[in-house]
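Chemist: Prediction below, plus the sequence it came from.
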Amino acid sequence: MIRPLVILPDPILRQLSKPVERIDDDVRRFADDMLETMYDAPGIGLAAIQIGEPRRMVVIDLAKEDQPKEPHVFINPEIVASGDGISVYEEGCLSIPEYYAEVERPDTVTVKYLDRDGTEQLMVADGLMATCLQHEIDHLNGVLFIDHISKLKRDMVVRKFKKLARDRVPSQLAG
């Protein structure tokens, strides 16, 4: 089931997500909904908070459109180590539509998480996967990618999305 995306400036995006206590069919169904929502958007990563659920869950699929899907589900993901190198990617976010900025992050990360079956996993990631994992795990901690850019640029983006939100409300009330 495709779920509606939470868009800046919605304050839920700043909430701290809570750990998933038990992995059951409900959690697996929710992971499937997250993947379906991400694919529909379309995007390469999605945190549960972006569809209004403050659960520590992330889905990622870096496969290109012409490639078979490679969905990854990360439950209670935690970065346990970061590389010393830095990589810079132009990041975007489904909760901040059509805004992109270059963000510096560690070039590699080691992430501990539970998979769909509740088995503990360890992933060493580099390149786009490392960036994506850091971006999505930030969401679980109430951090947005715009928090990694200059205050001036961030303030401009937040103002723009506040104005867009104000402009949307009257048209929705009208009809």
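Modeler: Thanks, I have the structure now.

Chemist: Confirm that residue 128 sits in a strand.
Modeler: No - Residue 128 is assigned helix when assessed by DSSP: H, G, I helix; E, B strand; the rest coil, not a strand.

Chemist: From residue 100, how far off is residue 131?
Modeler: For residue 131, the distance to residue 100 equals 13 Å [Cβ to Cβ, to the nearest Å]. Backbone N, C-alpha and C define where each C-beta goes, glycine included.

Chemist: again, but for residue 48
Modeler: Separation of residue 48 from residue 100 (Cβ to Cβ) stands at 23 Å.

Chemist: More neighbours: those two, which one.
Modeler: Using other Cβ atoms under 10 Å, the more surrounded residue of residue 48 and residue 100 is residue 48, with 25 against 12.

Chemist: just to revisit the earlier point, overlap in contacts of residue 131 and residue 100?
Modeler: residue 91 (Cβ atoms under 8 Å, 6 or more residues apart in numbering).

Chemist: what about residue 76, which SS state?
Modeler: Here residue 76 is recorded as strand under three-state DSSP.

Chemist: Pull the number of nearby residues for it.
Modeler: 20.

Chemist: show me the residues around it that make contact.
Modeler: Residues near residue 76 by Cβ under 8 Å, 6+ apart: 19, 20, 56, 57, 113, 114.

Chemist: Please point out which parts of the helix or strand of the chain with the lowest mean pLDDT sit buried.
Modeler: One helix or strand of the chain scores below all others by mean pLDDT, DSSP states H and E: helix 151-174, with a mean of 82. Across helix 151-174, burial judged by 16 or more other Cβ atoms under 10 Å covers 154, 157, 161.

Chemist: What's the separation between the second one and residue 75?
Modeler: The gap separating residue 157 from residue 75 is 30 Å, by Cβ to Cβ.

Chemist: Over to the first one?
Modeler: Plainly put, residue 154 is 30 Å away from residue 75 if you go by Cβ to Cβ.

Chemist: Same check on residue 94?
Modeler: For residue 94, the distance to residue 75 (Cβ to Cβ) stands at 20 Å.

Chemist: Looking at these two, which is more packed in?
Modeler: Taking other Cβ under 10 Å, residue 94 and residue 75 do not tie; residue 75 has more neighbours (25 against 19).

Chemist: Which pLDDT does the model give that one?
Modeler: On pLDDT, residue 75 comes in at 98.

Chemist: residues near residue 88, how many?
Modeler: Residue 88 has 11 neighbours, counted by other Cβ under 10 Å.
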